[in-house]
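*Asks:* Dropping a prediction and its sequence here:
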Amino acid sequence: MKRRDFFSSFSLSSSEDKNKENLIRPPYFKDENDFSKQCISCDARCVSSCDENIIFLSKNKTPYLDFSNGGCTYCDECANICHKNVLNLEFKKHISSSITLDITKCLSWNDVMCFSCKDPCLDDAISFLTMFKPEILDNCTLCGFCISRCPSNAISINA
């Protein structure tokens, strides 16, 4: 077992988060009401179009993002394939959420050398104040790649 897998085994399962009412939506929608009105009769093409495999269907059959295994590259494929026009390139934006770093869980903030969050960051949005102590910068696009890589689940995105 790798060290990262060992530390991750102590964290809560992301499936527990799937039961929350507030879901993280793909970044191409205009209004949350569109999901409840139009996606219910949809054939979920957006789910199969995602190369990162982070789009899933909720109990209400609406798409949401789960970053437990990867992140969003903003590739536009889910919007391109959406025939209901709920996901549309016209409404492309960053993922509508907030990201937090829990310094009590973060290995680096607790004097363990770890760069797991910084390495996969496509936008160079994680900076280290010293050799330790990472912080998330304003240029973060909430792509979520750092979440699946963090061995202690110190980073989370909240809807």
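*Replies:* Nice, thanks for sending it over.
*Asks:* going forward, measure contacts and count neighbours with C-alpha atoms only.
*Replies:* OK.
*Asks:* Helices of the chain, residue ranges please.
*Replies:* Along the chain, the stretches classed as helices by DSSP state H are 3-8, 14-17, 32-38, 45-49, 77-81, 145-149.
*Asks:* looking at these, which one has the lowest mean pLDDT?
*Replies:* For these, mean pLDDT drops lowest on helix 14-17, to a mean of 42.
*Asks:* How is the chain divided into domains?
*Replies:* 3-91, 98-158 (automatic domain parsing).
*Asks:* Turn these into a markdown table, columns for mean neighbour count.
*Replies:* Formatted as a markdown table, the domains of the chain follow (neighbours: other CA atoms under 10 Å):
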| stretch | mean neighbour count |
| --- | --- |
| domain 3-91 | 16 |
| domain 98-158 | 17 |
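*Asks:* Now the weakest link among these, please, by mean pLDDT.
*Replies:* Among those, domain 3-91 scores lowest, at a mean of 80.
*Asks:* I'd like the distance from that one to the chain centre, please.
*Replies:* 9 Å (CA atoms, centre = their mean, to the nearest Å).
*Asks:* quick one, what contacts residue 25?
*Replies:* Contacts for residue 25 were tallied using CA atoms under 8 Å, 6 or more residues apart in numbering; they are 63, 64, 65, 95, 96.
*Asks:* Now with 7 Å, please.
*Replies:* 63, 64, 65 (CA atoms under 7 Å, 6 or more residues apart in numbering).
*Asks:* From residue 50, how far out is the nearest residue to residue 141 once chain neighbours are set aside?
*Replies:* Once flanking residues are discounted, residue 141 sits nearest to residue 94: 5.6 Å by CA to CA, 6 or more residues apart in numbering. Noted for residue 94: a distance of 17 Å to residue 50, by CA to CA, to the nearest Å.
*Asks:* Residue 153 too?
*Replies:* Residue 153 sits 24 Å away from residue 50, going by CA to CA.
*Asks:* same check, this time on residue 83
*Replies:* 15 Å.
*Asks:* Model confidence score at residue 93, please.
*Replies:* 83.
*Asks:* mind starting the numbering at 586 from now?
*Replies:* Got it, first residue is 586 now, which makes that one residue 678.
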